[in-house]
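K.L.:
Following is a predicted model, sequence given first.
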Amino acid sequence: MTTAAPAAATTILPPRRLIARTLGAPGAVAGSIILAVLVFGAIFAPLLSPFDPNATRVCPRLAAPSFTHFFGCDLFGRDIFSRILYGARLSLAVGLLTVAISLVAGTIFGMVIAFLGGRVDRIGVRLLDVMLGFPAIVLAILIVAVLGVGAFNAALAVGISGIPRIARVIRSATLTLVGREFVESARAVGASQTRILRRHLLPNLLPIVIVLGSLDLGGAILSTATLSFLGLGAQPPTSEWGAMLSAGREFMRYAPWTMIFPGLALFLAVMSVNLVGDRLSHVLDPRASGHG
Amino acid sequence: MAEAPLLAVESLSVAMGVTPVLEDVSFRIAPGETLGLVGESGCGKSVTALSIMRLLPNPPGRIIGGRILFDGTDMLSLDIGALRAIRGDRIGMIFQEPMTSLNPVYTIGDQIGESLIFHRGMNGRTARSETAKLLDLVGIPAARNQLDRYPHELSGGQRQRVMIAIALACRPRLLIADEPTTALDVTVQAQILDLIGRLRHELGMAVLLITHDLGVVAEFCDRVAVMYAGRIVEEAPAAQLFKQPRHRYTEALLHTMPAANPPGRKLPSISGTVPAPADRGEGCIFAPRCGFAIPRCANELPPLTEPPHRLRCWNPA
Ligand SMILES: Nc1ncnc2c1ncn2[C@@H]1O[C@H](COP(=O)(O)OP(=O)(O)O)[C@@H](O)[C@H]1O
Ligand SMILES: [Mg+2]
C-alpha cells in the first residue's frame, strides 16, 4: 500500500482490487468456484437439464442414480438432477430477493431513525427490539401465516424478518457518521436533510450494507428452504430444495438420493455464499484493512 | 460604525438544555471587516458561530433571546429553505478539523462543486472548471490534476485549503472560520492564515475569525472581541486592544502569549478554570480568578460599555 489507510474512514477499493483481495484466501476461492458452478447451473438450467423437471414418469419411481439420471428419481418418476438445477434458480433468486428486501428496508429504517434522532429514534429502536425478541424464523412463520404460503410470500416473510438485524447495525453505523464533521460541513453549505442522507450518509454506509448482505444471503437461502420444508414456502410441483427434502423424508431408508442431493445442494450453496461473504466482510471492514 | 453592518448579533442568549452558555452576546461586523473572537476553550465561540448559521444542534441547543441580522435579514425568523439558500452561498464556514470535515467517499472536485451545483444551478462540466479555478485560488498546485483525488490522499494543510475552497465557492460576503488552524502544524498555520488574509482582500468579504490564540488575531484582525464564559468582556480595534488592554482577563490572556515571554521559559497561565455555567454567581464571572477584584465585582455584573472600546469591568486597567 502506498497511501496510509484513512483513520476511521470507510475503505475505498476499486472493484478490481476488491475482487483480487477477496480472492486472496483459499476458502474464498473454493467458495467462489462452487458458487460460480451453482450460478452457472441456475442460469443455464433449461439447457443443462436432461429432462423437464416437472415431467413425471421420465424414469421408474425412486430409481437409483444412473448414467441417464445422475441423481436418481423421485416418487413421481421425475429426474432429480434436473429438479436440482431448476431448484438452484429458485433458491438463488429467492435468496437474493429476500436479502434485497431486508437490506433496502433495514438500511432506510436504520438510517432515518438514527438521522432524525430524538423521539423517532426511541420509538424505532423499541420497535426493532420487539421484532428482535422473536427468533427470525418464528417471525417469518408468523408473517407467512398472515400473507399465505408460496415461494414469493416466503421470500417476503424471511426478508421482513431480517429487517431488524440490518436496521440495528445500520442505525449504530449511522450514529457514528452523523456526529462526524463532514455532515456538519454539508449542512454549512446548505445541503438539505434528504441530500445529506442520500449523498453523504448512504455512500459511507454502502460497504457495511454489502457486508451485511453477503453475510445474510446464506441464511436467507436456508430460511426460505426451511419454510418450504415445513410446507409454507414453494408449493408442489415447484422444484425447490427445501420442498424436495421434505418430500424425500418418507423414503430416506430405501431411496436416500431423494434427500441426499437436495440436502447437498443446499449445503454447498449456503457454505459457498458464507465463505465468500466472510472474506468480503474481512476485506471491506475498515478495522481489518492492512491485513490480508 | 457609520456603515450599515453586514452582520449584527444583538443580545444573543443560548442555552444547552437548561444551562445558559451564551448570555447577552452582541457584536457587529462591517462589510469587508475582520473581527477576531477570542477566548479560552469552552467559552462559547463555536456556539456563537453555529448560532449565526442556525446550525446549533437541537436538542440540546436553543436560542433563547436576541437577534441575528445578516445583511438586514433576521436569521432567527427565516424558514429552513431560506436558511439553506444563505448557508454556503452568502455565508461560508470552515471548521477546526480538516481531517474529518471532508466526506471520505467523494473526490475533492465533487465536494467543492457540490454547492456550485445546488446554489448556482451549474451543470457538472461548468462546476468542474469552476472548481479547478477555486483550487488554483486556494493555492493547490496543478489544480486540474487534483480534482479527482480523495481526501485521504491530501495533507492536513491541503485539506484545509480544500475546505476554504468549498466555503468560498459561491463568493460569500461573510466567512466564519472556527479555529481554522488549530489542528495544523505551526508552519502550515501561517500559510493558511496568509491565504485567508489574501482572499479576504481579493473577494472583499468580511471574516469572523474564531480562535483561542491571541497571536493569530494580532496580525490578522481589524477588531477583536474577547469572550469569557459566554459573555463578551472587551472589544476594541486590534491595535488598541494589544497596546492597552483594559479588562483584567484580556490582560492575563496577553501575558500568556509566547511573544510576550522570553523564549525557553515556561509560559504563564491564568490560574483557576472557567466556572461551569451552573456555578456562575451574580457578579463578574472572572472575579474569582481576577487579581484586581474589588468587593463590587462579586455581587454586581458590570455592564458592557459603548464602542469603540467596549468593556465589561468594574476595575479596569
Ligand atoms: N452539543 C453540545 N451539548 C451540550 N453542551 C454543549 C454542546 N456544544 C457546546 N456545549 C457547551 O457549550 C459551551 C461552549 O462551547 P463551545 O462554543 O464549543 O466553546 P468554544 O469556545 O471552545 O468553541 C461549553 O460549556 C460546552 O460544554
Ligand atoms: Mg470551539
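P.N.:
Sure thing, it's come through. Ligands and ions are numbered 1, 2, ... in the order given.
K.L.:
CA only for contacts and neighbour counts going forward, please
P.N.:
Will do.
K.L.:
Single out the residue in the stretch 51-200 of chain A that lies closest to ligand 1.
P.N.:
At 10.0 Å from ligand 1, residue A:179 is the closest residue in the stretch 51-200 of chain A, using Cα to the nearest ligand atom.
K.L.:
okay, now that residue: neighbour count?
P.N.:
11 (other Cα atoms under 10 Å in any protein chain shown).
K.L.:
Which pLDDT does the model give it?
P.N.:
What the model reports for residue A:179 is a pLDDT of 84.
K.L.:
what does residue B:134 give?
P.N.:
In this prediction, residue B:134 carries a pLDDT score of 93.
K.L.:
cool, residue A:13 as well?
P.N.:
pLDDT for residue A:13: 68.
K.L.:
what residue is smack in the middle of the chain?
P.N.:
Since you didn't name a chain, this refers to chain A. Nearest residue to the geometric centre of chain A (Cα atoms, centre = their mean): residue A:217, 1.7 Å.
K.L.:
my bad, the chain I had in mind was chain B
P.N.:
By Cα atoms, centre = their mean, chain B has its centre lying nearest to residue B:210, at 2.8 Å.
K.L.:
quick one on the thing from earlier: look up how far residue A:70 lies from the residue of the stretch 51-200 of chain A closest to ligand 1.
P.N.:
Residue A:179 sits at a distance of 59 Å from residue A:70 (criterion: Cα to Cα, to the nearest Å).
K.L.:
Same question for residue B:271.
P.N.:
Per Cα to Cα, residue B:271 is found 88 Å from residue A:70.
K.L.:
So those two - more neighbours on which side?
P.N.:
A direct count of neighbours by other Cα under 10 Å for residue B:271 and residue A:70 places residue A:70 higher, at 14 against 11.
K.L.:
which ones are touching residue B:293?
P.N.:
Residues near residue B:293 by Cα atoms under 8 Å, 6 or more residues apart in numbering or on different chains: B:287, B:315.
K.L.:
low-scoring stretches of the chain, by residue?
P.N.:
Just so you know, I chose chain A. By pLDDT under 70, the weakly predicted segments of chain A are A:1-13, A:286-292.
K.L.:
switch to chain B, that's the one I care about
P.N.:
For chain B, the ranges with pLDDT under 70 are B:1-2.
K.L.:
Number of residues surrounding the residue of it found nearest chain A?
P.N.:
Using Cα to the nearest Cα, residue B:88 is the residue of chain B that sits closest to chain A, at 3.6 Å. Neighbour count for residue B:88, taken as other Cα under 10 Å: 30.
K.L.:
what kind of secondary structure is residue A:41 in?
P.N.:
Following DSSP: H, G, I helix; E, B strand; the rest coil, residue A:41 is assigned to helix.
K.L.:
Please, which helix or strand holds the residue nearest to the centre of chain A?
P.N.:
Using DSSP states H and E, residue A:217 sits in helix A:202-229.
K.L.:
Residue B:142: neighbour count?
P.N.:
For residue B:142, the neighbour count with other Cα under 10 Å is 11.
K.L.:
Close to ligand 1: what parts of the stretch 101-250 of chain B are there?
P.N.:
For the stretch 101-250 of chain B, the contact set with ligand 1 under Cα under 6 Å from any ligand atom is empty.
K.L.:
Could you tell me which residues make contact with the residue of the stretch 101-250 of chain B found nearest ligand 1?
P.N.:
Across the stretch 101-250 of chain B, the shortest distance to ligand 1 (Cα to the nearest ligand atom) belongs to residue B:230, at 7.1 Å. Contact analysis of residue B:230 by Cα under 8 Å, 6+ apart lists B:21, B:22, B:23, B:25, B:43, B:44.
K.L.:
where does the third one land in three-state SS?
P.N.:
Reduced to three states with three-state DSSP, the structure at residue B:23 is strand.
K.L.:
show me what contacts it?
P.N.:
Residue B:23 makes contact with B:11, B:12, B:13, B:14, B:230, B:231, according to Cα under 8 Å, 6+ apart.
K.L.:
is it true that the last one touches residue B:14?
P.N.:
No - with contact defined as Cα atoms under 8 Å, residue B:231 and residue B:14 do not form a contacting pair (10.9 Å).
K.L.:
Show me whatever sits in contact with both of these two.
P.N.:
What both residue B:231 and residue B:14 touch, as defined by Cα under 8 Å, 6+ apart, is the set B:22, B:23.
K.L.:
Could you say which helix or strand holds residue 172?
P.N.:
Picking chain A for this. Counting by DSSP H and E, the element that carries residue A:172 is helix A:151-178.
K.L.:
hmm, I had chain B in mind actually
P.N.:
Of the helices and strands defined by DSSP H and E, none includes residue B:172.
K.L.:
And for residue B:201?
P.N.:
helix B:186-203.
K.L.:
which parts of that helix are buried?
P.N.:
For helix B:186-203, a neighbour-count test (16 or more other Cα atoms under 10 Å in any protein chain shown) marks B:188, B:189, B:192, B:193, B:195, B:196, B:197, B:199, B:200 as buried.
K.L.:
so can I have CSV of the residues you listed showing distance to residue A:141?
P.N.:
As requested, those are exported to CSV (distance: Cα to Cα, whole Å):
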residue, distance to residue A:141
B:188, 62
B:189, 63
B:192, 62
B:193, 64
B:195, 65
B:196, 63
B:197, 67
B:199, 65
B:200, 66
